[in-house]
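K.L.:
Give the three-dimensional model of this entry:
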Amino acid sequence: MKKINLAISGCMGRMGQQLIRSSKKNKDFKLVALTENRIINKKFNSVKLELNSDKAFKKADVIVDFTVPECTLEILRIASKLKKRVVIGTTGFNRSEENQIKKYSKKIPILKAGNMSLGVNLLMYLTEIASKSLNDEYLSKIFEIHHKHKKDYPSGTALMLGKGIADGKGKNLYNIIGKKFLNKKFFPYGKKINFNSIRKGEIIGEHEVKFSSGKEIITLNHEAFDRALYSDGALTASKWLMKKRSGLYSMRDLINFS
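P.N.:
Model (predicted):
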């Protein structure tokens with residue numbers, strides 16, 4: 001089987017470095033491009049770091065992107081022109097940026113996920129089922145913990161779980177997002193979904209969804225112990241995307257939850 005030519009953007013970040021390690025162990029991939037937002041005189045696996053450009057991504061079959069929204073949109077512009085597939089693990093997009101991603105997906109295959117973990121995507125599915133099954137007496141809230149270096153909050157995964165709640169109720173997530181707390185010991189339930197984000201230490205990721213009627217509490221949660229969970233998921237997504245036409249896909253499409 002011919003190897004898939006892989007490009008990694010944001011290669012000096014935590015996920016970028018983990019992707020390099022995972023791709024080195026995966027026989028399905030050949031690392032052909034590494035990019036960053038500044039010139040760095042380094043090489044990994046004999047691949048020199050470059051800025052995002054047509055030249056950098058020319059040989060790639062798929063680009064894996066764990067950066068920031070502004071950078072992701074720059075990569076999508078280039079990928080769209082070169083007809084390259086893109087796996088997006090970047091989080092923190094606003095509604096306008098989400099719409100731009102949808103427009104690019106009409107030209108190229110894109111898989112976008114706030115979390116590449118099988119377990120988290122199963123949790124989102126279970127969250128949707130719980131939300132659909134419980135009546136309006138049950139209020140919900142979402143709690144998440146990440147390492148101190150993570151800038152955006154709520155996390156992309158927390159918003160994924162919020163979407164699970166919204167989809168279960170047949171509502172638009174943006175219309176039912178409540179208050180967004182940072183580093184609070186306690187936070188309330190509300191008529192909308194409240195979020196609390198903790199940023200401390202080197203924690204990889206913990207997420208918890210709670211439903212309460214005032215008489216009982218139902219809790220769904222997930223804890224990640226190894227960052228390779230996400231990089232391996234991104235590579236699985238990259239391989240899966242190779243067989244897809246233009247469109248916007250998610251890990252749920254890959255896993256095929258009904």
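
K.L.:
Can you get me a residue count around the residue nearest to M15 when sequence neighbours are not counted?
P.N.:
Beyond its immediate neighbours in the sequence, the residue positioned closest to M15 (Cβ to Cβ, 6 or more residues apart in numbering) is F66, lying 3.8 Å away. Just so you know, the C-beta spots here come from the backbone N, C-alpha and C atoms, and that holds for glycine as well. Each residue near F66 was counted by other Cβ atoms under 10 Å, and the total is 25.

K.L.:
Assign R21 to helix, strand or coil.
P.N.:
helix (DSSP: H, G, I helix; E, B strand; the rest coil).

K.L.:
Let me know the pLDDT of it.
P.N.:
Reading off the per-residue confidence, R21 sits at a pLDDT of 95.

K.L.:
circling back: next, find the distance separating the residue nearest to M15 from G114.
P.N.:
To G114, F66 is 11 Å away according to Cβ to Cβ, to the nearest Å.

K.L.:
Would you map the strands across this structure?
P.N.:
For the chain, applying DSSP state E gives strands covering 4-9, 29-35, 43-44, 47-50, 62-65, 85-88, 109-112, 139-146, 177-182, 193-199, 205-212, 217-224, 247-249.

K.L.:
hmm, back to that, residues in contact with both of F66 and G114, list them for me.
P.N.:
Residues within reach of F66 and of G114 at once, by Cβ atoms under 8 Å, 6 or more residues apart in numbering, are G89.

K.L.:
How about the contacts made by the closest residue to A113 other than its chain neighbours?
P.N.:
Beyond its immediate neighbours in the sequence, the residue positioned closest to A113 (Cβ to Cβ, 6+ apart) is M251, lying 4.4 Å away. The contact partners of M251, by Cβ under 8 Å, 6+ apart, come to L111, A113, N115, M116, L118, N121, G233, A237.

K.L.:
what's the answer for V87, then?
P.N.:
Contact criterion Cβ under 8 Å, 6+ apart gives V62, I63, V64, D65, I110, L111, K112, A234, A237, S238, L241 as the residues in contact with V87.

K.L.:
ok, now with 7 Å
P.N.:
Listed by Cβ atoms under 7 Å, 6 or more residues apart in numbering, the contact partners of V87 are V62, V64, D65, L111, A234, A237, S238, L241.

K.L.:
what's the weakest-modelled helix or strand in the chain?
P.N.:
Lowest on mean pLDDT, DSSP states H and E among the helices and strands of the chain sits strand 43-44, with a mean of 86.

K.L.:
follow-up on the earlier one: winner for burial among the strands of the chain?
P.N.:
Of all these, strand 62-65 has the most neighbours on average by mean count of other Cβ atoms under 10 Å, namely a mean of 28.

K.L.:
Could you list the paired strands of that strand along with their orientation?
P.N.:
In its sheet, strand 62-65 lies beside strand 4-9 (parallel), strand 85-88 (parallel), with partners assigned from DSSP bridges.

K.L.:
Columns distance to F44 and mean pLDDT on top of those, output as JSON lines?
P.N.:
Formatted as JSON lines, the entries for the strands paired with strand 62-65 read as follows, by distance: least, Cβ to Cβ, whole Å; pLDDT from 0 to 100:
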{"stretch": "strand 4-9", "distance to F44": "9", "mean pLDDT": "98"}
{"stretch": "strand 85-88", "distance to F44": "19", "mean pLDDT": "98"}
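
K.L.:
May I see the domains of the chain written out as residue ranges?
P.N.:
For the chain, whose domains are defined here by automatic domain parsing, the residue ranges read 4-112+227-255, 118-224.

K.L.:
still on that earlier bit, reformat the strands paired with strand 62-65 as JSON lines; add distance to L34.
P.N.:
As requested, these are arranged in JSON lines below (distance: least, Cβ to Cβ, whole Å):
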{"stretch": "strand 4-9", "distance to L34": "5"}
{"stretch": "strand 85-88", "distance to L34": "15"}
